[in-house]
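> next input, structure requested:
(chains A and B)
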Protein chains: 2
Amino acid sequence: MKNEERELKHVVAQDYETGEVLMLAHMDEEALRLSIETGKAHYWSRSRGKLWRKGEVSGNEQIIKDILIDCDEDTVLLKVKQIGGACHTGYRSCFYRELNGKIVGEKVFDPEEKYGKKGDK
Amino acid sequence: MKNEERELKHVVAQDYETGEVLMLAHMDEEALRLSIETGKAHYWSRSRGKLWRKGEVSGNEQIIKDILIDCDEDTVLLKVKQIGGACHTGYRSCFYRELNGKIVGEKVFDPEEKYGKKGDK
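I've put the predicted structure just below:
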C-alpha cells in the first residue's frame, strides 16, 4: 500500500516528565498495534515507505508511558521516556530551532557516530 | 488551491506554561505569516478548505509566545497562551481521552453555548 492509501495518524511524541515536544511522526494501524504490544514507539515512515521502530539503529528508543487520542481521532499523543535524543540530527528534540534558524535546543549525541554517514534513523 | 496543492505544515500547539499539548493543526504560508504578524494563531482548515483564526468564533484565542521549527521543516511547534479551551468539544486540550475512550482531560467550557449547535470552531 502506498502512503495515500494507508490510513495514517499523526503522532506527537512528548517527554513524559518534562513535557518537551520531541517529534512529529506518523503511525499506520500496524505501527500503533506494535507500539501498544511492545511498549516501544513504532512509526510508519512516509519518506521511506516502511514501518520502523524508533531507535532500531541508534538505540534512541521511546518507552511509552501513556497514549492519548485527539477529538477527531486522527492524532495520537505519545508520552514517552526518550532514550538519548529524538532527532536524527543529534538534538534532544526535533524542534531545536527558531524560525530564523537560531538554535535553542540541546545536542545530546553525534549523529555520524550513531548512524554512520548514511544518516539512517 | 486544493489541500493537496497547498504546502501545509503540521502545527503542534502547546501551552507555554504547563507544556500541555493542546491540538494538532495545519498552516499554509499565509496562516504562518498572519500568525507571525498578529501574534495570534491562524491555521489552514483542511476539512473546510479555508484559513481560520483560532478563537474567531469562540473567543478561545491562542496568543503566540514562541515558534519553533523541526529538523525537516515540515512541522511547527507553537507555544501559546490558550484562552479558554483549545478543543471544540469544550476540553482544554484535544487530547482528552485514552485510546480506550476513558476521559482524562478537563472540560472548561460548554461548546453549545460557545458555538451554537452548528459546532463551528
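
> now do the helices in chain A.
Secondary structure of chain A (DSSP state H): helices located at A:29-38, A:111-115.

> so for residue B:44, which of the ones you listed sits nearest?
Counting by C-beta to C-beta, residue B:44 lies closest to helix A:29-38 out of the helices of chain A; the figure is 26.0 Å. Where C-beta positions appear, they are placed from N, C-alpha and C, glycine not excepted.

> tell me the mean pLDDT over that closest one?
Averaging pLDDT along helix A:29-38 gives 98.

> mind giving me the packing neighbours of that helix?
In terms of contacts (3 or more C-beta pairs under 8 Å, 6 or more residues apart in numbering or on different chains; DSSP states H and E), helix A:29-38 is packed against strand A:42-45, strand A:50-53, strand A:62-69.

> one more time with 6 Å
Helix A:29-38 sits against strand A:42-45, with contacts defined as 3 or more C-beta pairs under 6 Å, 6 or more residues apart in numbering or on different chains; DSSP states H and E.

> the strand it packs on close to chain B?
No - applying C-beta under 6 Å from any C-beta of the partner chain, one finds strand A:42-45 out of contact with chain B, separated by at least 11.8 Å.

> which residues of chain A lie near chain B?
Residues of chain A lying near chain B (C-beta under 6 Å from any C-beta): A:10, A:12, A:14, A:19, A:21, A:24, A:67-71, A:75, A:77, A:87, A:89, A:94-95, A:97, A:99.

> what's the closest non-adjacent residue to residue A:107?
For residue A:107, ignoring the flanking residues on the chain, the nearest one in space by C-beta to C-beta, 6 or more residues apart in numbering or on different chains is residue A:90 at 5.0 Å.

> alright, calling it a day.
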